[in-house]
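Asks: predicted model and sequence below, questions to follow.
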Amino acid sequence: MPGRAESRFPFTDYPKGWFQVAYSREVDNGGVLPLHYFGTRLVCYRGESGAAQVLDAYCPHLGADIAVGGTVSQDCVVCPFHGWKFDGEGRNVDIPYAKTVNRVARLRSWPTVERAGMIFVWHSSSGTAPEWELPKIPESEDTAFVFHAPETARWKFRSHPQEVFENTVDIAHFVTVHGVSAFGNLDLETGGPAEFRAVAEVSFETPRGPVSGSVESQLFGMGIDVVRHHGLGRSCTVLTVTPIDGEYVDARYTFFVLTEPETGEMTRMGLGFVRDFCKQIEQDIPIWENKVFRDRPQLARGESAITEFRTWAHQSYEQDSSKESTLASQ
Ligand code: FES
Ligand SMILES: [Fe+2]
């Protein structure tokens, strides 16, 4: 039996960055949604101004779970137990039976942004403010595409976001695990934590024979991968991976599918991409759930992209302060 994820990986369970916690459609105005990510019970709610907020869920008063029975009042959320009210910053702004608020009672407020129909929070274990902006997804505002995020395109499994995203540069597995016939060159560009682009030359199998093109993956920290196909028609697929606890992750595919201009229906090619992505992740999951992490892997010639990816990924981990002080004292 492999150990828990915290002993599986030589890096922390919860990297720093933006992570998807919900879809916009899950939280109506005035709605409250319970969440559990980063080993923490959270409440997401949407106030009257329309902005989604994410707070820690357990009330600082006597510990009720605000995500269960909590209600929304203007842009605040009200605890179901004694009616204390908290604003989007997590501050106590009303106690219905007291003349003054409790200034110490505070819920942690998570920086929250909605993008392309998804709700993201910024996670930093040291509490630092967001250090980079979430990417815009132009396809989400392009009428040629339709948003498609079926319930079936969501998976919970035992792994770590870094392991999932390492796939983007692991060219050899596309042949063995996914049965893709040929992969050519891999072109990598890396920079800051939100700058990683891998373009793989591929040959797409079509009824008319092979068509050469490319698959471009852009990673934004350890939570978001935006994948676009070139050569066979346009596509845009967002893979998000969010740690649930030290063991499981939640992975979701959001597709922006090209539509037929006359009917507005999803193109067959677009639906083919949807099917392929879902099939492929289901082929990957058993590998991810059961593998170990090789800190110093033996690689074949031409696999240096894996090392480059890991070096880039390292930026998403915060320094462990206990390790820092050990180093400093040496
Ligand atoms: S426990 Fe939340 S108001 Fe009392
Ligand atoms: Fe894969």
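Replies: Thanks, I have the structure now. Residues are numbered from 1 along each chain as shown. Ligands and ions are numbered 1, 2, ... in the order given.
Asks: could you point out the longest helix of this structure?
Replies: Counting by DSSP state H, the longest helix found in the chain is helix 268-290.
Asks: so which bits of the next helix or strand after it are buried?
Replies: Tracing the chain past helix 268-290, the next element assigned as helix or strand by DSSP states H and E is helix 304-313. Neighbour counts over helix 304-313 (16 or more other CB atoms under 10 Å) mark A305, I306, F309, W312, A313 as buried. (C-beta placed from N, C-alpha, C; glycine too.)
Asks: please apply the same query to stretch 179-188.
Replies: Buried residues in stretch 179-188 (16+ other CB under 10 Å): V180, F183, L186, L188.
Asks: what about that stretch, how long is it end to end?
Replies: One end of stretch 179-188 sits 23 Å from the other (CA to CA, to the nearest Å).
Asks: next one: E151 from ligand 1, what distance?
Replies: E151 sits 32 Å away from ligand 1, going by CB to the nearest ligand atom, to the nearest Å.
Asks: now the phi/psi pair for that residue, please.
Replies: Dihedral pair for E151: phi -60, psi -30, per degrees, to the nearest 10.
Asks: how many neighbours does it have?
Replies: Residues near E151, counting by other CB atoms under 10 Å, number 6.
Asks: cool, and the one 5 residues further on?
Replies: The local packing of K156 (other CB under 10 Å) involves 11 other residues.
Asks: that one against R252, yeah?
Replies: No: with contact defined as CB atoms under 8 Å, K156 does not reach R252; the gap is 10.2 Å.
Asks: now E195: closest residue in space that isn't a chain neighbour?
Replies: Once flanking residues are discounted, E195 sits nearest to E189: 7.3 Å by CB to CB, 6 or more residues apart in numbering.
Asks: do the same with S235
Replies: H229 (4.4 Å).
Asks: report the angle between whichever strand or helix holds that neighbour and helix 268-290.
Replies: If you go by DSSP H and E, H229 is part of strand 224-230. Inter-element angle recorded for strand 224-230 and helix 268-290: 140 degrees (by axes from the mean of the first three to the mean of the last three CA atoms, to 10 degrees).
Asks: can you pull out the helices in this protein?
Replies: Under DSSP H, the chain gives helices at 5-8, 161-166, 171-176, 268-290, 304-313, 321-329.
Asks: of those, which is nearest ligand 2?
Replies: Closest of the helices of the chain to ligand 2 is helix 268-290, at 4.0 Å (criterion: CB to the ion).
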